[in-house]
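Visitor: attaching a predicted model along with its sequence, questions to come.
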Amino acid sequence: DAKTTQPTSMDCAEGRAANLPCNHSTISGNEYVYWYRQIHSQGPQYIIHGLKNNETNEMASLIITEDRKSSTLILPHATLRDTAVYYCIVRVNNAGNMLTFGGGTRLMVKP
Amino acid sequence: DAGVIQSPRHEVTEMGQEVTLRCKPISGHDYLFWYRQTMMRGLELLIYFNNNVPIDDSGMPEDRFSAKMPNASFSTLKIQPSEPRDSAVYFCASSPTGWANTEAFFGQGTRLTVV
């Protein structure tokens, strides 16, 4: 699976949009971009994934650049409960293809 | 569904003792994964099963670690003998068939402390 690069940490004001970048310049054509987050003392939680089109669900939006070399996870109205480590992962959607976690971005939402 | 259930939530044991961690995956999920998380190494995949069969155990650190999945609803990760460096949070996750456009569901983890 392609490697990803994320900032180590970011701050965001409560109620504002949190934009978390991820660089995956070596991504292959059949690799998806996945985002998970891990709130303190909990297991990782799936957020969203996409291949090349932008995606939106009840938790977040995922914007993937046209060349697919980078993406941005957007939390439109961050709350204190969104404070967590956010992991960007690229992987092929094959049977048994497990998740490989990098260092992630530690997002701190501040009042 | 109650999600992935792990037990115990916390385990403190003395060096040299055997430790068994347990996991009940979500019903109907064909894949089961064991991860370990430490401050130094982050989240590492140890082993995963498909239909109760171990597929990839290349992440298992040493022969002291073993994992089994006797049936679709239960898996164990055993460390014998345990060492202080095994102290970590161990996560179990499950996923439906094929991973295609699906997510992995993680349990709450077992915090292991070996003294």
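Guide: Arrived safely.

Visitor: can you pull the residues of chain A lying near chain B?
Guide: Selection of chain A residues close to chain B by Cβ under 8 Å from any Cβ of the partner chain yields A:41-46, A:49, A:87, A:93-104. For glycine as for every other residue, the C-beta is placed from the backbone atoms N, C-alpha and C.

Visitor: contacts only, for residue 89.
Guide: Since you didn't name a chain, this refers to chain A. Listed by Cβ atoms under 8 Å, 6 or more residues apart in numbering or on different chains, the contact partners of residue A:89 are A:1, A:4, A:33-36, A:99-102.

Visitor: I was thinking of chain B, sorry if that wasn't clear
Guide: B:36-38, B:109-112.

Visitor: can I get those residues in CSV with secondary structure?
Guide: Shown next, in CSV, are the contacts of residue B:89 (DSSP: H, G, I helix; E, B strand; the rest coil):
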residue, secondary structure
B:36, strand
B:37, strand
B:38, strand
B:109, coil
B:110, strand
B:111, strand
B:112, strand
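
Visitor: which among those residues end up buried?
Guide: B:36-37, B:109-112 (16 or more other Cβ atoms under 10 Å in any protein chain shown).

Visitor: distance between the ends of stretch A:92-111?
Guide: With Cα to Cα, to the nearest Å as the measure, the ends of stretch A:92-111 fall 38 Å from one another.

Visitor: buried sites along that stretch?
Guide: For stretch A:92-111, a neighbour-count test (16+ other Cβ under 10 Å) marks A:93, A:96-102, A:104-107, A:109 as buried.

Visitor: now, those that are in strands?
Guide: A:105-107, A:109 (DSSP state E).

Visitor: nearest to residue A:80 among those?
Guide: For these, the closest approach to residue A:80 (Cβ to Cβ) belongs to residue A:109, at 5.3 Å.

Visitor: isn't the closest one right up against residue A:17?
Guide: No: counting by Cβ atoms under 8 Å, residue A:17 is not a contact partner of residue A:109; they are 11.1 Å apart.

Visitor: which neighbours do those two share?
Guide: residue A:78.

Visitor: rewinding a little: chain A next: which of the contacts of residue B:89 are close?
Guide: Residues of the contacts of residue B:89 in contact with chain A (Cβ under 8 Å from any Cβ): residue B:109.

Visitor: which two of the contacts of residue B:89 have the greatest separation?
Guide: B:38 and B:110 (13.4 Å).

Visitor: what's the neighbour count on the residue in chain A that chain B sits nearest to?
Guide: Proximity of chain A to chain B (Cβ to the nearest Cβ) peaks at residue A:43, 3.0 Å away. Residues contacting residue A:43 under the criterion other Cβ atoms under 10 Å in any protein chain shown number 23.

Visitor: and for chain A, the residue most distant from the center?
Guide: Centroid-distance maximum for chain A: residue A:111 at 22.4 Å, with Cα atoms, centre = their mean.
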